[in-house]
Structures are given as C-alpha cells and as structure tokens.
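**Q** model this:
(one chain, ligands or ions: 1)
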Amino acid sequence: LRARPGSQDAASVIEIVDAPLPDPGPGQLRIRNIAMSVDPYMRLCLDGAAGPAAAFALGEALPGMAIGIVEESRVADIAAGDVVSSMFGWREAFVADADMVEKLNAATGLPPRAFLSVLGGTGFTAYVGMMHLGRPQPGETVLVSGAGGAVGSIAAQLARMQGAKTLALAGSDAKCAWLRGAGIDHAINYRVVEDLDGALSAAAPEGLDLYFDNVGGGQFETAISLARSRARFVECGMISTYVAERSQAPRNLVQIIAKSITIYGFTVVDFMDLREWFLADMTGWIRDGHIRWEETVYEGLDRAPGALDDMFRGANLGKMIVSLDAAP
Ligand SMILES: NC(=O)c1ccc[n+]([C@@H]2O[C@H](COP(=O)([O-])OP(=O)(O)OC[C@H]3O[C@@H](n4cnc5c(N)ncnc54)[C@H](OP(=O)(O)O)[C@@H]3O)[C@@H](O)[C@H]2O)c1
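**A** Next comes the predicted model:
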C-alpha cells in the first residue's frame, strides 16, 4: 500500500512487488495461496478510516482472508498438501507460524474456495446477522439490501428458509434474476427503478418487520420509511458510505423513535462462539439444497486491486474472489 486512496480507485495506490520468501523454520509453514478474499471493509482500512478492522499500514502488504496449500511444513499436525486459511492477505506465497493459520475441514466435500464465501466470513456474517440477531419469523416481511452480494445473497435465502416473505435490493437485472431463482419473493433492481419506496410498498404494503442492511445511505432511509412499528434492523454494513465523498446519511432517523425500531449493529468477529454451529448448519443446508451460493472470480494477483474497485461498482454476483495459479 503506497498511499491512502481517498476518492481515488484502490488500484491507484496498490503496487505489486517481489519479495524474498524465507525457508520455514521450526513450527512454521510455507504456504502458496490459491484464492484471496476481496472485502468491502478493506476500502475503509486502505483509507485509515475507523471501521471494523485496523487501518492498513502504508508500505505493507494488504492483510485479509486467503486460502492456500501448504508446500512445506515444519510441524507435526499439518502436512504438505493440506489446505489452510489465513489472514495474511494479498500475496502469492508466504511463511508463517503454524498457529497463525487454520487447517480446513476436507470432510465438507466442498471446494476450498467455499471457505472464503458461503462457509467463510461472509456466510458466517449472514448467519449471525439473520439467524442470531434478526431472527425472522414465518409470515414476517424481510428486506435485504446488497442482496446480490456475498453476505446479502445468503442472508436473503436464510430469511426465505425461515418462512418470511423476502424482498431483495440488488444492482442489476442478472442479480435479481439469480435471487428469484433462489426463491426470493421480490427482487428489485434499485439502479433502474424510478420510485424505490413505491416499488417496495407495492410488493409489501404491510411494511417491513426486519431490515438486513448491507448498504446504508439511501436504502437505509427507504427501509426506515417503510418499517412497521417495532421493526428490527440488522446493521451489517453500509457500503455506500465507505468512500467518504460518496457517502449520504439517512434524513429520517427521527422515525426510529416514533416507530420504536430496534437496531442491532454487529461485527462478526464478536460472535466466534457461534462458528461451529454455523459450519454444521450451513454444511447441512447446502447438502439438502436449501442454500445456493455464487462467486465472481478474477484470475491473478495483479487483478486484486481492480477487483476491489469493481466490487464498489457492483461487478460481483456473490462473493468476489481472486484466484491464484496454484489451484490443485
Ligand atoms: N458486520 C460484519 O461483521 C460484516 C462482515 C462482512 C461484511 N460486512 C458488510 O456486508 C456488506 C456486504 O459485504 P460483502 O462482502 O457481501 O460484499 P458484496 O455485497 O459481495 O459486494 C458489495 C456490493 O455492494 C453493492 N454496492 C457497492 N456500492 C454500493 C452503493 N454505493 N450503493 C449500493 N450498493 C452498493 C454492489 O452491489 P450492487 O450491484 O447491488 O450495487 C456490490 O456488488 C458490506 O457492507 C460489508 O461491509 C459486514
């Protein structure tokens, strides 16, 4: 990371450099990454803004979730060929202490990349936000924004699984078609609809019992205006505010009082005690055909900065991933 991007694209401040790869010492592993996660919070970290994670240091490689294959091991319980996840981020290969990585459970039968998406941080976020905090009930009306993305696409399906009438906002017709195919009752392309409040009111004249927010800004404002009395809001993300110059705050926050709205803000890392439950539940739901997931994959380390920028333009359906050439 060479500079804080501010209003510029992330790609303008990230440089790819060669660095020597040391031999692993006792207790260490040499790992070659096969896939790296691209996440909205990274944009806040690039800018050094207050967010869910610490600011990224200038002059350092970007930290973040990645999946890799062990090439050389100096520990007993991890062998060459094992697949591990780590937070060492955007690099092709690295050497690390073995206790800084997690060996992935091959018994799920799912491809390793699933541990970056539906079984990874974004699937877990959807699970915590929807199942633990939002708790949709049969017959309730639920709205999910950012519903074509990694968290939102899973969150919307979880609401539908609970028997809630589920509405979704996404930024393209293709994303909306995918959501309908996954059983979502109403999917609306917010970029083309002229009257978003009107379109949502027509689909759900009864109003919203639960709003799962990934976007903030204008869509948060719309959800407040359509909320029923005593609605619950799960504040998962506010991606429309992460580039400060483009940020817009809801103008109707005072309605939170009049409507007695309960707002749950959360950061998924505070709920790690639920992770084993999540892995068991989600693996079962996938096996039984209740949950689908999607990935948008860019190839090569050099495409990672652009992938982050493209994510802010809505280029991804499902989880944005950068694949590296070492895939087995
Ligand atoms: N609370 C937590 O612990 C936690 C953990 C992980 C993620 N999150 C949050 O969850 C949200 C989704 O994350 P994700 O990883 O699943 O990303 P994602 O939804 O897969 O990708 C981001 C999507 O956001 C939409 N978007 C971008 N700029 C927008 C704007 N100005 N207005 C409206 N939509 C915009 C785009 O889709 P469209 O085509 O629909 O515009 C884009 O594809 C983010 O806000 C993220 O920060 C929170």
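**Q** Near the ligand, which residues of the stretch 51-200 of the chain are found?
**A** For the stretch 51-200 of the chain, the residues found near the ligand under the criterion CB under 6 Å from any ligand atom are 52, 121-122, 125, 146, 148-152, 170-172, 175. Every residue, glycine included, has its C-beta placed from N, CA and C.
**Q** Excluding chain neighbours, what is closest to the residue nearest to the spatial centre of the chain?
**A** In the chain, the residue lying closest to the centroid (CA atoms, centre = their mean) is Thr122, at 3.9 Å. Closest residue to Thr122 apart from its sequence neighbours, by CB to CB, 6 or more residues apart in numbering: Ala150 at 3.7 Å.
**Q** for the residue nearest to the centre of the chain, phi and psi?
**A** The phi/psi pair for Thr122 (degrees, to the nearest 10) reads phi -80, psi -40.
**Q** Now do the contacts for it.
**A** Thr122 sits next to 39, 116, 149-151, 154, 319 when contact means CB atoms under 8 Å, 6 or more residues apart in numbering.
**Q** Over to Gln255?
**A** By CB under 8 Å, 6+ apart, Gln255 lies in contact with 224-225, 227, 261.
**Q** Just give me the closest of those to Asp97.
**A** Of all those, Ile261 has the smallest distance to Asp97: 45.4 Å, by CB to CB.
**Q** okay, now the closest one: neighbour count?
**A** Residues near Ile261, counting by other CB atoms under 10 Å, number 20.
**Q** Please name the nearest non-neighbouring residue to it.
**A** Ala231 (5.1 Å).
**Q** quick one: that neighbour from Val215, how far?
**A** Going from Ala231 to Val215 by CB to CB, to the nearest Å gives 17 Å.
**Q** Would you map the helices across the stretch 151-300 of the chain?
**A** 173-181, 196-203, 217-226, 255-258, 275-287 (DSSP state H, counting those that start in this stretch).
**Q** picking up where we left off before, tell me the pLDDT at the residue nearest to the centre of the chain?
**A** At Thr122, the predicted lDDT confidence score is 98.
**Q** again, but for Thr241
**A** pLDDT, Thr241: 92.
**Q** Provide a list of residues in contact with Tyr264.
**A** Here Tyr264 is in contact with 129, 133-134, 232-235 (criterion: CB under 8 Å, 6+ apart).
**Q** sorry, back to before: I'd guessed the residue nearest to Thr122 sits against Met311; true?
**A** No. With contact defined as CB atoms under 8 Å, Ala150 does not count as touching Met311 (9.5 Å).
**Q** Which neighbours do these two have in common?
**A** If you check Ala150 and Met311 against CB under 8 Å, 6+ apart, the residues they both contact are Met320.
**Q** Using the three-state scheme, assign Met320.
**A** Under DSSP: H, G, I helix; E, B strand; the rest coil, the three-state class of Met320 is strand.
**Q** Point out where this protein drops to low pLDDT.
**A** 326-328 (pLDDT under 70).
**Q** how deep is the residue lying closest to Ala10 once chain neighbours are set aside tucked in, by neighbour count?
**A** For Ala10, ignoring the flanking residues on the chain, the nearest one in space by CB to CB, 6+ apart is Leu308 at 4.7 Å. Using other CB under 10 Å, Leu308 has 26 neighbouring residues.
**Q** So what does Leu308 look like in phi/psi?
**A** Dihedral pair for Leu308: phi -60, psi -40, per degrees, to the nearest 10.
**Q** and if you look at the one 4 residues further on?
**A** Main-chain torsions, Phe312, degrees, to the nearest 10: phi -70, psi -10.
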